[in-house]
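# I'll drop the sequence and a predicted model, then ask my questions.
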Amino acid sequence: EPEVTQTPSHQVTQMGQEVILRCVPISNHLYFYWYRQILGQKVEFLVSFYNNEISEKSEIFDDQFSVERPDGSNFTLKIRSTKLEDSAMYFCASAFRDSNQPQHFGDGTRLSIL
Amino acid sequence: AQSVTQPDIHITVSEGASLELRCNYSYGATPYLFWYVQSPGQGLQLLLKYFSGDTLVQGIKGFEAEFKRSQSSFNLRKPSVHWSDAAEYFCAVGDLSYNTDKLIFGTGTRLQVFP
């Protein structure tokens, strides 16, 4: 069964550094998402992306965050200058169509900011 | 505001016992409802989904859930729990009537299974 794959599985970064989290969505999917889960808390929506542009973003997704689909397969989340509170598990998800198709999630990248 | 409530933070059952995990939502016209499971160190795996039609939906691993509009609930059930079901379970809701396809997640229920 096709899967969403995320790399790396664990990223440790110094505060203030830039970090890029990578995702390879399922190949025929058109909608892409990032969510995050701070340890012990619920999964929160960050951003959705369709047709090479952001379709929706949450309050968490401030100017420090950006997303990109640099080629036909990768979908990346960049955090420009990381803060301690960015430490979380970041999940990528993809869907074939919006809302009436389920979002399929990757295994996540655990980001630890020191 | 849109919200999802999972009242039970932690549930412990014996292997072979039945299970019901509760989920209530506060949402718009027609919610799309999902249950995801997260094993330790793993991602979110879709157990089942409800979009429309039959309000009792079957999922993977022997799970089922029933959508009750009058109670704004979408409870997850399994007649006989296996030790491998120990994990965290998340209820999630989407609603196109708000012109969004983001999912709103509950806080999760951690299931522990005793032999």
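Great, that's in hand.

# buried stuff in stretch B:81-91?
B:81, B:85-91 (16 or more other Cβ atoms under 10 Å in any protein chain shown). Bear in mind the C-beta positions are built from the backbone N, C-alpha and C, glycine included.

# got the residues of chain B near chain A?
B:32, B:34, B:36, B:42-46, B:49, B:51, B:90, B:92, B:94-96, B:100-108 (Cβ under 8 Å from any Cβ of the partner chain).

# show me where chain B has strands.
Assigned by DSSP state E, chain B shows strands spanning B:3-5, B:10-14, B:19-21, B:24-26, B:32-38, B:45-50, B:56-58, B:64-68, B:73-78, B:87-94, B:104-105, B:109-114.

# got the CA coordinates for the last one in PDB?
Meaning strand B:109-114. The C-alpha trace of strand B:109-114 is given here as PDB (Å, rounded to 0.1, in the frame of the first residue of the first chain):
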ATOM      1  CA  THR B 109      -7.300   8.400  24.500                       C
ATOM      2  CA  ARG B 110      -4.400   6.200  25.600                       C
ATOM      3  CA  LEU B 111      -5.500   2.500  25.600                       C
ATOM      4  CA  GLN B 112      -3.700   0.100  27.900                       C
ATOM      5  CA  VAL B 113      -4.400  -3.600  27.600                       C
ATOM      6  CA  PHE B 114      -3.700  -6.100  30.300                       C
END
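
# chain center to that strand: distance?
When distances are taken as Cα atoms, centre = their mean, to the nearest Å, strand B:109-114 is centred 14 Å away from the chain's centroid.

# and if you look at stretch A:13-31?
Worked out by Cα atoms, centre = their mean, stretch A:13-31 lies 5 Å from the chain centre.

# and chain A, which residues reach chain B?
Counting by Cβ under 8 Å from any Cβ, the residues of chain A near chain B are A:4, A:6, A:31, A:33, A:35, A:41-45, A:48, A:55-56, A:58, A:91, A:93, A:95, A:98-100, A:102-108.

# would you mind writing the ChimeraX command to select the buried ones in these?
To isolate the buried ones among the residues of chain A next to chain B in ChimeraX, judged by 16+ other Cβ under 10 Å, type:
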select /A:4,6,31,33,35,42,43,44,45,48,55,56,58,91,93,95,98,99,102,103,104,105,106,107,108
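
# so of the residues of chain A next to chain B, which ones are in strands?
Reading strands off the residues of chain A next to chain B with DSSP E, I get A:6, A:31, A:33, A:35, A:43-45, A:48, A:55-56, A:91, A:93, A:95, A:104-105.
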